[in-house]
Structures are given as C-alpha cells and as structure tokens.
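Asks: I'd like to go over a predicted model; first the sequence, then the structure.
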Amino acid sequence: MQQLVGCLMALAAAPALAGTPAPGRYQATLCVTTSASSPPGCGPAELDIRSAFRVDVRVADLVYRLHLRPAQVDVATMQGRMEIDEFSAEYVWRGDLLTFVDAEKKTRYEVKAGARLRPAR
C-alpha cells in the first residue's frame, strides 16, 4: 500500500509531458495495478490517438475514453454506448508510456504503445 501511495504522490508531482506518439492506431499493452502487494494485470489493448487531447484505449468491448488536459486526464469507461465509470486524474506521458491513477479506487493504469496499426482498406 505504501508503494501505491508513493506512486500517487509521484504522479501528482510530475507534469504531463508533450511528445506523445503521433495520431493513429497502435497495438498496446494495458497494465492495471489495484494494490501495492499484487503484481499488475497486463493484457493486449488497442490505443487510438485521435489528437493531442483525445485518446481511446480499447480492451475487448471496453473503451477508456481519455480527454487529456494540461494537468489532468478525464477518463470515461464505456461498454458500447453505456458509460460505466468516470474519473479525473493527473497523468504522465513519457515517450510511448501513459500512466494515470484513479486515486479514489487506488488503481494505477499504464498504457504502453506498441507497433502502429495499418489503416483499414
């Protein structure tokens, strides 16, 4: 638990950084940590960078819709057209790794962009 609190404090102190990957669709890995004593659960995802301010992370039928602002991200978790959760958090984006924490649920998210996906024909 102390490690998770430390991560929360580090994220709060770190500014959001520019230099995100270019707009487009990417293979990705999403890791979610719900406690400091358990390892992160990681799996494949799709990262859709629509602009510097709008990013979608898709895992099966769930989509995390991210609205990036200078100091925080607004996250809406969608299943189809239904919103099943929402929260705001500070975030850090360094290179191909986006990290944010839902402080209320003590849940840390890391999205790592991988290979760019080719556009559908």
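Replies: All right, it came through fine.

Asks: wait, what's in contact with Lys112?
Replies: 28-29, 31, 96-98 (Cβ atoms under 8 Å, 6 or more residues apart in numbering). In this view, the C-beta of every residue, glycine as well, is placed from N, C-alpha and C.

Asks: and Glu104, which of the three is it?
Replies: The three-state assignment at Glu104 reads coil, by DSSP: H, G, I helix; E, B strand; the rest coil.

Asks: 704 is where my numbering starts, stick with that
Replies: From this message on, residue numbering opens at 704, which makes the last subject Glu807.

Asks: From Ala779, how far out is it?
Replies: As judged by Cβ to Cβ, to the nearest Å, Glu807 and Ala779 stand 15 Å apart.

Asks: Please apply the same query to Ala818.
Replies: 26 Å.

Asks: When these two are compared, which one has more neighbours?
Replies: Taking neighbours as other Cβ atoms under 10 Å, Ala818 and Ala779 compare with Ala779 leading, 15 against 8.

Asks: helix or strand for the more buried one, which one?
Replies: Ala779 is part of strand 776-782, with elements assigned from DSSP states H and E.

Asks: Skip ahead from that strand and say which helix or strand is next.
Replies: Past strand 776-782, the next helix or strand by DSSP H and E is strand 785-792.

Asks: The helix or strand that that following strand is followed by packs against which elements?
Replies: Later in the chain than strand 785-792, the nearest helix or strand by DSSP H and E is strand 794-797. Of the remaining helices and strands, those touching strand 794-797 by 3 or more Cβ pairs under 8 Å, 6 or more residues apart in numbering; DSSP states H and E are strand 800-805.
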